[in-house]
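# Got a predicted structure plus its sequence, pasted below:
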Amino acid sequence: MPESAANCLCLFRRILTALLVCWQGRTNVNTELADIGIIGAGQLARMMHQAAIPLGIRVRILAGSRSESAAQVAPDVVLGSPDDPVAVANFAQTCRVVTFDHELVEVEKLERVDLPAAHWCPSPAVMRVSQSKRLQRECFTRLGLPLPRFCLSSSEGERAAFIKKVGFPLMVKADRGGYDGRGVWKAEDTAEFNQIIEALASRNTLPILEERVDIDRELAILVVRNPSGAESVYPLVQTVQSDGILRELIAPAPESSSLVAEAGAIALTLARALEVDGILAVELFQSKGKLLVNEIASRPHNSGHYTIEGCETSQFEQHLRASLDWPLGATAMISPVAVTVNLIGRGQPALDQWRLKDALAVKGVHIHVYGKEPRVGRKIGHVTALGYQTNEVLARARIAASILNED
Ligand SMILES: Nc1ncnc2c1ncn2[C@@H]1O[C@H](COP(=O)(O)OP(=O)(O)OP(=O)(O)O)[C@@H](O)[C@H]1O
Ligand SMILES: [Mg+2]
């Protein structure tokens, strides 16, 4: 072969190889079918991956980077953004079912992928509702569930009439994009209310006005459903929030026997009406002794971390079973009381080994660290303790958490 032709061929090969590497880098396709794909690689994906191991479920994770919580520990990671429709479509095609670590995925992008709704757990229709506080309120109202009074109107007159009816202080919530209280504000008067509405105008999300209810305490309940229609309810739990972040959880909720049946019925009504596959978490307020629905999340939830050690089947295993339409596990608690205390980042360096050793010396505590940078206000881990008496169990979990949180 003449030298020039050989050079040409060599160049052609190089270009072809470069293009192939580029394409693989972009799509990161592993064509072997995974049982479950998880979009997002936060701590929920990390704990789902952990639950998949004993069942031999092959999990694949779509992660933005290798440093994300689940991507640090799972062997089968595809790099790509959950916002990139090409990455999501390619990823989904290599998994039998796809579920989610968080709900910040654009539903339109899922619907554009040429796969049936049953490929997603939950379906895009359920994701649409769990992403939107407006759709949730419309759904709760349609189903006749109790909830705080709200106003969805953007008319100034209707808003003024609503405020006159419920008075200040008033809650204002962003329809979409909020979590850990980041889309929720309390307005003490008209001036504060106007400031919030002005700030929200640039965020392209509908402001929802809601009466501020007198909360006796906050509660949560998980329900799980599989595509064949099997369903199961977890115990009602009490949550303690501050600055919009869940700090502590007590399972079962103390002195709640009169509320358990109603809370379970609310959760099942929602799961059935929305045809949820997988875990559905329902956040509730107890106000003047009565239950009010606050919001839902269609995925494993922070109010269910206690189920890892505290229940016969953890919410993470249950979500995987439901995603694959396998039989559900028992939801009963295996101890009279379980308590979870969240570890919240305070900008200090990551949890070091010495503090971990000291915390592990506290009797019977289960420590979970998520491998996340401890940015202020970020959930970076949790401690669960089991036992017989709420105050004693809570004290133990708090001691371990405070050792881990020490400067
Ligand atoms: N109508 C209300 N009246 C009184 N307090 C409220 C009301 N709505 C919300 N709150 C308080 O604000 C917290 C956060 O509200 P909400 O659950 O709506 O926000 P979020 O940011 O979506 O939360 P999450 O992180 O659970 O998704 C609640 O847990 C509660 O403490
Ligand atoms: Mg909430």
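Received it, and whenever you're ready, just let me know what you need. In this text the structure is predicted, and so the values were computed from the model without any measurement. Residues are numbered from 1 along each chain as shown. Ligands and ions are numbered 1, 2, ... in the order given.
# Low-confidence bits of the stretch 301-407 of the chain, can you list those?
In the predicted model of the stretch 301-407 of the chain, residues 350, 407 satisfy pLDDT under 70.
# any chance you could map the strands in it?
337-344, 365-369, 379-387 (DSSP state E, counting those that start in this stretch).
# What strand or helix carries the residue of the stretch 1-150 of the chain found nearest ligand 1?
Proximity to ligand 1, evaluated over the stretch 1-150 of the chain using C-beta to the nearest ligand atom, is greatest for P148 at 4.3 Å. Bear in mind the C-beta positions are built from the backbone N, C-alpha and C, glycine included. Applying DSSP states H and E as the criterion places P148 outside every helix and strand.
# How about the contacts made by it?
M171, E210, E211, V213, F285, L292, N294 (C-beta atoms under 8 Å, 6 or more residues apart in numbering).
# Which strand residues bridge the nearest residue to the first one once chain neighbours are set aside?
Computed as C-beta to C-beta, 6 or more residues apart in numbering, the closest residue to M171 that is not its neighbour in sequence is E210, at 4.3 Å. With DSSP bridges as the criterion, E210 is bridged to F150, M171.
# Mind checking the strands of the stretch 301-407 of the chain for the one nearest to I221?
strand 337-344 (14.5 Å; C-beta to C-beta).
# mind listing what's buried in the closest one?
Residues of strand 337-344 classed as buried by neighbour count (16 or more other C-beta atoms under 10 Å): V337, A338, V339, T340, V341, N342, L343, I344.
# Next: stretch 45-56.
A45, R46, M47, M48, H49, Q50, A51, A52.
# Switch those over to JSON lines; also include secondary structure.
Formatted as JSON lines, the buried residues of stretch 45-56 follow (DSSP: H, G, I helix; E, B strand; the rest coil):
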{"residue": "A45", "secondary structure": "helix"}
{"residue": "R46", "secondary structure": "helix"}
{"residue": "M47", "secondary structure": "helix"}
{"residue": "M48", "secondary structure": "helix"}
{"residue": "H49", "secondary structure": "helix"}
{"residue": "Q50", "secondary structure": "helix"}
{"residue": "A51", "secondary structure": "helix"}
{"residue": "A52", "secondary structure": "helix"}
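# Reformat those as TSV; add pLDDT and distance to ligand 1.
Listed next are the buried residues of stretch 45-56 as TSV, based on pLDDT from 0 to 100; distance: C-beta to the nearest ligand atom, whole Å:
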residue	pLDDT	distance to ligand 1
A45	98	17
R46	98	18
M47	98	17
M48	98	19
H49	98	22
Q50	98	22
A51	98	22
A52	98	25
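# for those residues, which one is nearest R176?
Comparing the buried residues of stretch 45-56 against R176 with C-beta to C-beta places A45 closest, at 21.4 Å.
# Which residue ranges of the stretch 101-250 of the chain form strands?
Assigned by DSSP E, counting those that start in this stretch, the strands in the stretch 101-250 of the chain fall at 120-121, 150-151, 170-174, 184-187, 207-211, 217-225, 231-233, 237-242, 245-251.
# Any chance of the ones you listed in JSON lines with mean neighbour count as columns?
Converted to JSON lines, the strands of the stretch 101-250 of the chain look like this (neighbours: other C-beta atoms under 10 Å):
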{"stretch": "strand 120-121", "mean neighbour count": "28"}
{"stretch": "strand 150-151", "mean neighbour count": "20"}
{"stretch": "strand 170-174", "mean neighbour count": "21"}
{"stretch": "strand 184-187", "mean neighbour count": "18"}
{"stretch": "strand 207-211", "mean neighbour count": "21"}
{"stretch": "strand 217-225", "mean neighbour count": "24"}
{"stretch": "strand 231-233", "mean neighbour count": "17"}
{"stretch": "strand 237-242", "mean neighbour count": "18"}
{"stretch": "strand 245-251", "mean neighbour count": "22"}
